[in-house]
Each structure stands twice: as structure tokens, then as C-alpha cells.
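Novice: Kindly return the folded structure for what I paste below:
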Amino acid sequence: MNGKEVNHRELYRLPWNLADNAISWLEPTALCNLACDGCYRDNEKDSHKTLDEIKRELDVFQSKRNSDCISIAGGDPLLHPRIVEIVAEIKKRGLKPILNTNGAALDKSLLKDLKKAGVFGFTFHVDSKQGRGGKWKGKNEIELNELRYEYARMLADEGGIACSFNSTVYEDTLQYLPEMIKWAEENIDIVHTMVFIAFRHVVPNLPFDWYAGGQKIDWQAIAYHSDNERKVDILSTDMVAEARKIYPEFSPSAYLNGTEKVDSFKWLLTERFGSKGKIYGYAGAKFMEMVMTFHHLLKGTYLSYASPGLASMGRSTMLISFLFDRGVRKAFANYLKNPLNIFRKVHMQTILFIQPVDFMQDGRQSMCDGCPDITVWNGDLVWSCRLEEQKQFGMFLRSVPKRQGNE
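Specialist: The predicted model follows:
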């Protein structure tokens, strides 16, 4: 690690759990118009769920899980012919509709319709291994900032819609992470969240056999596998170390640990205060605890996405919370060093690192404890990132260490 280590006991453990969670994950379709390296969903042409099926899945969420927002994913949800109605249905139920999309099917006309239906925000998946064509073919992560800006500008011009981006981080793209976070700083007024997800796949260099119940299966039958040996153990702390190459004071404030490893950082969240081109500092654990506690007290849910209006209230937020949080006090002091800052708008921006399934030496699979991306399958709640196992084998797979000498 570069700079100070990340200590889970100094951070706020997000209180999310299976029954009471900030987010739930709805998949109205598995159809997609891109082919991302590392995707954990089969691209299925005839996979659009009916509106009645979607309503039943929302019923399951609302009967079993207390949530602030519904992440509408897939596949790409914008390809569903009734996506505007789906958004309206979620909004009608008092939940925040968040569209998780690659953005390729979005235009200004559809955006206006989605806003009228009540969309709260978008999370655009943009990275260099999606097979994009046209002017974006072969572009690296930094060059794709131009596309990210197009999406962010489109939302900002429409107004009142939260803008987030996520990218899968691979061994050869980890190097670009600092500049991507720098780009987010330069556009802090219209970019509210940046999410970086470490690449995971089943690869031949993993020393495990795979079982569905008592039946051994061919690892190459697993939907999310790569035939070549690849690095599949990038950690969220590796991403923090990269961020600190540009931001030495980069300081996460909250986390989710693993189901099998208490001091791992499956979701590692950083909240920072800044103006365009200038970061004043980072919120600490007490700030995040205060936000989650008061939101749950007032709204009955843990906060997921903040509105653009709330994210732009950085100055008043620092004034309200600096007495309670050391990180906010430091950020506020940095802000006050320059009297001219009084004329600059202060924004809040979230940087999130996600570390998916980890394989322990004994074969246990450490998932996100309190997973926000839980979806519905056969009327029950299951991990969305491993849904293909349920579809293929009727259960989640077990990984078992290979016996010595086994291929």
C-alpha cells in the first residue's frame, strides 16, 4: 500500500444486511448490445420479462427487503421495450429507480421520457473492454473520459438526475485509475459517483474443482470463465494504493466486509468534498455513520444515491457536520485557507471500490457481507453476480481444493 494502510476498525461498517439494505437489484432483461470482458450474465435475445413478472419481483423485494433504491440492470435495461413503465412502477412504489446501463441506447428523447417517469439516476458502465465500436473502438480508459463526459453532460442538461459511472478494473487497466479519479474531480459538479469493480473470473490457474451439490462439473461450463490464465485477485486496497499516487490523503470512510473474511473490504467507500479541479478533503467514519443513521431515522431506509441537489450542498454539509467528524474538519479547514473559495460551489463526490468474490485457500468463497446487489430468482433473494449458477445448475457452486497431483 502507498501511504497509510487501510484499517477496517477505523472505518464505519455499513449497516446493510439481507433484510435492510440501501439497494436491491432488478434485472428486467438479459439482452445486451455490448460484450464486456468479464460479464457474469449470458446475453439472451428472448429474455425480456413481462411487466407482471417484474411487478412480482418488486413484490418479493418489498416483502423481504427494506431498500432505498432499485438498481435496474441486465443485460442492458434500456433495451427492454417497456423500460419507461418499469421506471414509473418503481417510482410509484416509493423507491428510487437507478438505471445501470452502458448508455449506447440512450438519447435525449428517451432520457426525457425516463425523467417524466421518475428516474432518479443513471450508472453508466464505461470501460475499454466492452467491444464498443465506431469512434470508441480501441480507446483506453483515459480516452473514454470523452464518452463519460457526453453522458454526464446529457444528464446535467436535462437536470435533476444523479450521474454515476462504473468500470471493471483489470490488471492492465489498474494504472489508469488515478487519472480517472482526477477526471471525476474536474467534473465534480456533474459527476456524483465513480465505481471501480475488480475483475473476477473462473480461470485455469485457480487450484479448485467445482461442484454442484455432490456432482463435479467442468469449470469451463461455468458462464463466467476465461480459458487463459489471468489475474483475478485485485483488491480494493490495491485500488486505494493507485488512487494515492495522485491523492496521497485519499481516505476511505466506510466498508462492507466479506462473508468469510472480516477484515476484507468488499465495498470500500470514500466521500470527498471539492470544487471543480480542487479537493478539500475526505469525510471520516463518523460522517458516514451520521448520514446512514439519520436517513434511516427520517426515511426508514439506509441511503443509497444522493440527489444532485444534495450532492451540491458540500459547504453547508461541512458546516453541519464538522463538529462530529475529524475528516470533515480537516476538509473545512482546507476550504477556509483561501478566502476566495467562498465564491466557489462545494460538491460531495463518492468514490467506491468493489472487490467481488474471493477464493479462500480451503475453497470457501467470500462474498460481500450485506450484499446490495441481491436479485430475485424463483421468488427468493440470490446474489446477482452468481445468478448464472442458479440458471445452469439450480444452485450455487462450491469450490473445493484440488487433491495434490490432480489436473
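Novice: Can you pull out the low-pLDDT segments for the protein?
Specialist: Counting by pLDDT under 70, the ranges of the chain that qualify are 1-4, 404-407.
Novice: Now do the helices in it.
Specialist: 51-64, 83-92, 108-117, 145-158, 177-186, 236-243, 285-299, 308-311, 314-321, 326-336, 387-393 (DSSP state H).
Novice: residues making contact with the last one?
Specialist: The set of residues external to helix 387-393 that reach it, using CB atoms under 8 Å, 6 or more residues apart in numbering, is 27, 40-42, 212, 217, 221-224, 375, 377-378, 382, 395-397. Heads up, the C-betas are built off the backbone N, CA and C, glycines and all.
Novice: Just the buried residues out of the residues you listed, in ChimeraX syntax.
Specialist: Buried residues within those, by 16 or more other CB atoms under 10 Å, are selected in ChimeraX with:
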select :27,40,41,212,217,222,223,224,375,377,382,397
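Novice: picking that back up, compile the helices of the chain into JSON lines and extend it with columns for distance to E249 and mean neighbour count.
Specialist: Output for the helices of the chain, formatted as JSON lines (distance: least, CB to CB, whole Å; neighbours: other CB atoms under 10 Å):
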{"stretch": "helix 51-64", "distance to E249": "38", "mean neighbour count": "16"}
{"stretch": "helix 83-92", "distance to E249": "38", "mean neighbour count": "19"}
{"stretch": "helix 108-117", "distance to E249": "36", "mean neighbour count": "14"}
{"stretch": "helix 145-158", "distance to E249": "23", "mean neighbour count": "17"}
{"stretch": "helix 177-186", "distance to E249": "13", "mean neighbour count": "20"}
{"stretch": "helix 236-243", "distance to E249": "10", "mean neighbour count": "22"}
{"stretch": "helix 285-299", "distance to E249": "15", "mean neighbour count": "17"}
{"stretch": "helix 308-311", "distance to E249": "21", "mean neighbour count": "16"}
{"stretch": "helix 314-321", "distance to E249": "16", "mean neighbour count": "18"}
{"stretch": "helix 326-336", "distance to E249": "8", "mean neighbour count": "19"}
{"stretch": "helix 387-393", "distance to E249": "39", "mean neighbour count": "18"}
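Novice: of all these, which lies closest to D362?
Specialist: Closest approach to D362 among the helices of the chain is made by helix 387-393 (19.7 Å; CB to CB).
Novice: Return the distance of that closest one from the chain's centre.
Specialist: Mean-position distance between helix 387-393 and its chain equals 22 Å (CA atoms, centre = their mean, to the nearest Å).
Novice: how about that helix as PDB, C-alpha atoms only?
Specialist: The C-alpha trace of helix 387-393 is given here as PDB (Å, rounded to 0.1, in the frame of the first residue of the first chain):
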ATOM      1  CA  LEU A 387     -27.200 -15.900 -10.900                       C
ATOM      2  CA  GLU A 388     -25.900 -17.900 -13.900                       C
ATOM      3  CA  GLU A 389     -25.000 -20.700 -11.400                       C
ATOM      4  CA  GLN A 390     -28.700 -20.900 -10.400                       C
ATOM      5  CA  LYS A 391     -29.800 -20.900 -14.000                       C
ATOM      6  CA  GLN A 392     -27.300 -23.600 -15.100                       C
ATOM      7  CA  PHE A 393     -27.100 -25.900 -12.100                       C
END
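Novice: re the thing from before, now render the helices of the chain as TSV, adding distance to H201.
Specialist: Shown next, in TSV, are those (distance: least, CB to CB, whole Å):
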stretch	distance to H201
helix 51-64	27
helix 83-92	29
helix 108-117	32
helix 145-158	25
helix 177-186	19
helix 236-243	17
helix 285-299	31
helix 308-311	34
helix 314-321	38
helix 326-336	36
helix 387-393	12
